[in-house]
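1. predicted coordinates and the sequence they were generated for:
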Amino acid sequence: MSEQPLLEVENLRIDLTVGGTKFPAVQDVSFTIKRGETFGLVGESGCGKSITSLALIGLLRHPLSIGAGTIRFDGREIQALSPGEMRKLRGDRISMIFQEPMTALNPLSPIGRQIAEMFVLHRGATWKEAERLSIEALANVRVPAPERRIKDYPHQLSGGMRQRVMIAIALACEPDLLLADEPTTALDVTVQAEILELIRDLSAAKGTAVLMISHDLGLIANMCRRVGVMYAGRLVEERFATEVFQSPSHPYTSGLVASLPLLGARSKYGRQRLKEISGVVPPVAAFPTGCRFNPRCYAATEVCGTEDPGVTPLARGGLVRCHHHE
Ligand SMILES: Nc1ncnc2c1ncn2[C@@H]1O[C@H](COP(=O)(O)OP(=O)(O)OP(=O)(O)O)[C@@H](O)[C@H]1O
């Protein structure tokens with residue numbers, strides 16, 4: 001395993017332009033992902049997880065843009081890549097799966113053809129070879145009778161099967177990094193578990209690094225080695241997944257832990273089970289001064305409303321952004 005991280009995000013800022021004014025929707029976000037590592041971004045809706053992942057693959061569009069910071073993939077700065085190089089990177093080395101596969105699949109094309117296209121376009125396979133490879137790819141994502149299924153159109157499949165097809169397409173070219181943004185949110189619980197297991201097994205078998213995004217800390221902690229907790233565009237804590245549960249440092253993380261059905265009782269701050277964090281994530285243009293979590297924080301003092309806490313490294317690795325962390 002090479003020492004250099006596969007992905008390095010350094011002080012990323014993403015601006016949201018509204019009426020000529022730029023607001024930092026994401027600010028000072030830094031994290032790294034090593035080859036083969038699973039890293040999760042967690043936080044409530046609107047914290048900036050999705051736009052962070054879009055920035056990594058050059059897919060931010062107006063009114064959003066990268067305002068500052070660097071993103072390096074395998075040592076290369078992605079902001080310096082031409083649109084053509086970026087497209088190639090997306091097809092060959094970084095791929096994505098989303099919450100709703102229907103938006104990514106072509107409704108008018110049989111699924112076998114859509115998988116085969118990946119092998120033809122990115123691997124130079126002939127259509128004949130590509131058909132064989134697509135049957136293999138469907139078998140790998142545990143789709144039964146793949147030689148018959150390749151002729152199906154997306155609407156003929158269940159949500160879980162469509163997500164398997166998306167995973168087959170995403171992993172067809174054996175990418176180094178898979179971005180998975182809420183890949184199971186639209187599925188029912190049993191199917192959700194199967195899909196997560198599939199992502200975990202396939203990425204482990206191929207050594208694919210995964211950036212998993214979810215609002216569900218339980219899911220992220222189960223799937224990922226390290227976890228970044230985002231709140232209002234900032235990374236407020238970054239830890240090994242196991243430590244997030246055992247000793248959350250940021251009150252927001254503690255709130256997320258306390259709101260989990262089975263683990264709530266263990267949280268340092270939330271003794272009650274299923275304790276909710278009161279309030280909502282503010283809109284980008286109304287982020288509070290000081291610590292952005294301070295209006296919702298039970299531990300907030302005067303300084304939290306006036307001064308940005310900055311980042312503190314934690315003794316056992318990781319970091320926290322809080323004036324009163326423990
Ligand atoms: N195209 C856009 N135009 C205006 N604001 C946007 C746009 N896309 C995202 N935002 C805003 O940027 C912030 C971060 O959005 P983002 O989608 O990254 O959040 P998230 O944490 O992934 O939540 P979700 O799970 O709901 O997608 C939100 O306040 C959102 O409203």
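-> All right, it came through fine.

2. tell me the SS of the closest residue in space to residue 125 that isn't next to it in sequence?
-> Spatial nearest neighbour of residue 125, chain neighbours left out: residue 119 (4.0 Å); criterion: CB to CB, 6 or more residues apart in numbering. Bear in mind the C-beta positions are built from the backbone N, C-alpha and C, glycine included. Reducing the assignment at residue 119 to three states with DSSP: H, G, I helix; E, B strand; the rest coil gives helix.

3. for the ligand, see how far away residue 119 is.
-> Relative to the ligand, residue 119 is positioned 31 Å away (criterion: CB to the nearest ligand atom, to the nearest Å).

4. can you count the residues close to that residue?
-> As a burial measure, the neighbour count of residue 119 was computed by other CB atoms under 10 Å and equals 22.

5. which positions in the protein make contact with the ligand?
-> When proximity is defined as CB under 6 Å from any ligand atom, the chain approaches the ligand at 16, 25, 43, 45-51, 63-64, 215, 283-284.

6. narrow the residues you listed to those in helices?
-> When helices are assigned by DSSP state H, the members of the residues of the chain next to the ligand inside them are 49-51.

7. out of the residues you listed, who has the most neighbours?
-> Comparing these on neighbour count, residue 49 comes out first with 25 neighbours (neighbours: other CB under 10 Å).

8. wait, isn't that one in contact with residue 40?
-> No. Residue 49 is not in contact with residue 40 according to CB atoms under 8 Å; the separation is 9.6 Å.

9. overlap in contacts, the two.
-> Contact criterion CB atoms under 8 Å, 6 or more residues apart in numbering; residues shared by residue 49 and residue 40: residue 213.

10. who's in contact with the residue nearest to residue 125?
-> With contact taken as CB under 8 Å, 6+ apart, residue 119 is in contact with 125, 129-130, 133-134, 172-173.

11. what's the answer for residue 199, then?
-> The neighbourhood of residue 199, defined by CB under 8 Å, 6+ apart, consists of 97, 167, 178, 180, 183, 210, 212, 223.

12. buried subset of those residues?
-> Neighbour-count burial (16 or more other CB atoms under 10 Å) is assigned, among those, to 97, 167, 178, 180, 183, 210, 212, 223.

13. ok, the last one touching residue 200?
-> Yes. In this structure residue 223 lies within contact range of residue 200 using CB under 8 Å: 6.2 Å.

14. out of the buried ones among the contacts of residue 199, flag the one nearest to residue 313.
-> residue 212 (23.8 Å; CB to CB).

15. how about the closest one, secondary structure?
-> Three-state secondary structure (criterion: three-state DSSP) places residue 212 in strand.

16. can you check residue 68 too?
-> Three states are possible here, and by three-state DSSP the one that applies to residue 68 is strand.

17. against residue 238, how distant is the closest residue to it other than its chain neighbours?
-> In space, residue 68 comes closest to residue 13 once its chain neighbours are excluded; the distance is 4.1 Å by CB to CB, 6+ apart. Relative to residue 238, residue 13 is positioned 17 Å away (CB to CB, to the nearest Å).

18. same thing with residue 31?
-> Shown here: residue 31 relative to residue 238, a distance of 6 Å by CB to CB.

19. beta-bridge partners for residue 235, please?
-> Here residue 235 sits in beta bridges with residue 230, as judged by DSSP bridges.

20. does it touch residue 26 like I think?
-> No. Using CB under 8 Å, residue 235 makes no contact with residue 26, being 9.1 Å away.

21. tabulate the contacts of residue 199 (a markdown table), appending secondary structure.
-> Converted to a markdown table, these look like this (three-state DSSP):
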| residue | secondary structure |
| --- | --- |
| 97 | strand |
| 167 | helix |
| 178 | strand |
| 180 | strand |
| 183 | coil |
| 210 | strand |
| 212 | strand |
| 223 | helix |
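
22. list just the nearest of those residues to residue 308.
-> Relative to residue 308, the closest of the contacts of residue 199 is residue 212; by CB to CB it sits at 27.8 Å.

23. quick one, which of residue 13 and residue 238 is more surrounded?
-> It is residue 238, of residue 13 and residue 238, that has more neighbours when counted by other CB under 10 Å, with 28 against 18.
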